[in-house]
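>>> no sequence for this one, just the structure:
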């Protein structure tokens with residue numbers, strides 16, 4: 001009774017199955033020991049569960065796992081007769097996972113903005129959707145002058161089938177396809193499980209010049225990446241101070257390093273001084289669908305195992 005014994009109720013959990021990680025295990029040993037003999041320092045955090053000796057138990061209830069590390073004894077309780085019960089836990093370092101994480105309001109930089117100028121536009125004559133094809137097709141009453149990957153400012157309202165609810169759209173959208181000189185296809189963020197009829201109320205399409213805009217805030221979908229680190233075990237990380245938490249995306253003046261709200265200074269831009277990225281480089285980031293960091297953090301996951309959380313969205 002002086003030694004730690006794993007008893008009934010011991011189990012292995014797989015905490016990240018929903019994220020596609022089928023390898024990470026958490027070993028939960030329900031243990032008993034004479035209360036007067038319990039030693040909280042019997043084994044150290046990060047000790048591997050290689051065998052019964054390294055796990056500090058009389059006998060392991062499952063096969064040893066040298067890549068599972070001690071993360072603590074918890075849930076101590078007296079079970080009578082001078083005995084103590086507790087849960088002894090070992091865990092693998094989880095795999096890196098990336099999951100959808102909802103949406104967030106993000107402020108994106110202005111692009112080579114200069115005051116003045118005007119936007120060309122075309123009135124809409126109809127709007128439609130095709131089941132299985134992303135986005136909606138907008139027909140204009142005149143030549144729209146847009147190409148694939150251009151950005152269009154849309155202002156419109158429409159109804160769906162016999163539903164009287166009026167959908168109102170105002171925003172900037174990327175052109176996915178140009179079926180003709182009077183048609184464009186864009187993704188409004190409205191999705192249907194089957195074919196429906198859309199009825200246009202009114203609308204206009206403005207040709208947006210990405211070379212001229214102020215900073216803009218948008219509600220955008222996000223992805224969050226989780227990286228797990230155990231100092232002294234993860235290669236290159238001796239202690240927590242070796243970990244670099246990635247910074248959020250900002251544009252900076254290339255000469256002073258100061259943060260700027262607007263990118264500019266590309267080869268074909270009148271803006272000066274140049275920023276990093278330049279306006280042309282940032283436009284390329286948008287067109288290539290590159291992800292930028294919104295925020296990041298470092299926290300404890302279990303024992304000394306840390307989790308770095310990095311939330312990203314596509315450049316807009």
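Right, received. Where do you want to start? Note that this is a predicted model, so its numbers are computed, not measured.

>>> what's the neighbour count on the residue nearest to residue 255 when sequence neighbours are not counted?
The shortest distance from residue 255 to any non-neighbouring residue, by Cβ to Cβ, 6 or more residues apart in numbering, is to residue 273 (5.4 Å). Bear in mind the C-beta positions are built from the backbone N, C-alpha and C, glycine included. Residue 273 has 11 neighbours, counted by other Cβ atoms under 10 Å.

>>> Can you list the low-confidence ranges for the stretch 101-250 of the chain?
113-119, 208-211 (pLDDT under 70).

>>> Show me where it has its strands.
Using DSSP state E, counting those that start in this stretch, the strands of the stretch 101-250 of the chain run over residues 110-111, 121-128, 136-140, 151-160, 163-180, 183-186, 198-208, 216-229.

>>> For residue 18, find the nearest of the ones you listed.
strand 216-229 (12.6 Å; Cβ to Cβ).

>>> burial measure for residue 255, as a count.
10.

>>> how near is it to residue 176?
Separation of residue 255 from residue 176 (Cβ to Cβ, to the nearest Å): 38 Å.

>>> Excluding chain neighbours, give the residue nearest to residue 56 in space.
residue 43 is the one closest to residue 56 (Cβ to Cβ, 6+ apart), at 4.4 Å.

>>> secondary structure class for that neighbour?
coil (DSSP: H, G, I helix; E, B strand; the rest coil).

>>> And for it, the neighbour number?
Per other Cβ under 10 Å, the neighbour tally for residue 43 reads 20.

>>> follow-up on the earlier one: quick one, which of the strands of the stretch 101-250 of the chain is nearest to residue 289?
Short answer: strand 163-180, nearest of the strands of the stretch 101-250 of the chain by Cβ to Cβ, at 9.6 Å.

>>> what sits up against that closest one?
Residues outside strand 163-180 that contact it (Cβ atoms under 8 Å, 6 or more residues apart in numbering) are 134-135, 137, 146-160, 184-188, 190, 201, 203, 208, 216, 218.

>>> just to revisit the earlier point, can you check which of the strands of the stretch 101-250 of the chain gets nearest to residue 76?
Using Cβ to Cβ, the nearest of the strands of the stretch 101-250 of the chain to residue 76 is strand 216-229, at 26.5 Å.

>>> The very next helix or strand once past that closest one - contacts with which helices or strands?
Downstream of strand 216-229, the next assigned helix or strand under DSSP states H and E is strand 251-253. In terms of contacts (3 or more Cβ pairs under 8 Å, 6 or more residues apart in numbering; DSSP states H and E), strand 251-253 is packed against strand 259-260, strand 275-276.

>>> among the ones you listed, which is the most enclosed?
Across the helices and strands packed on strand 251-253, averaging neighbours per residue (mean count of other Cβ atoms under 10 Å) puts strand 275-276 on top, at a mean of 22.

>>> Just list what the next helix or strand after that one packs against, helices and strands only.
Going down the chain from strand 275-276, the next helix or strand is helix 279-287, by DSSP H and E. Judged by 3+ Cβ pairs under 8 Å, 6+ apart, helix 279-287 is in contact with strand 110-111, strand 262-263.
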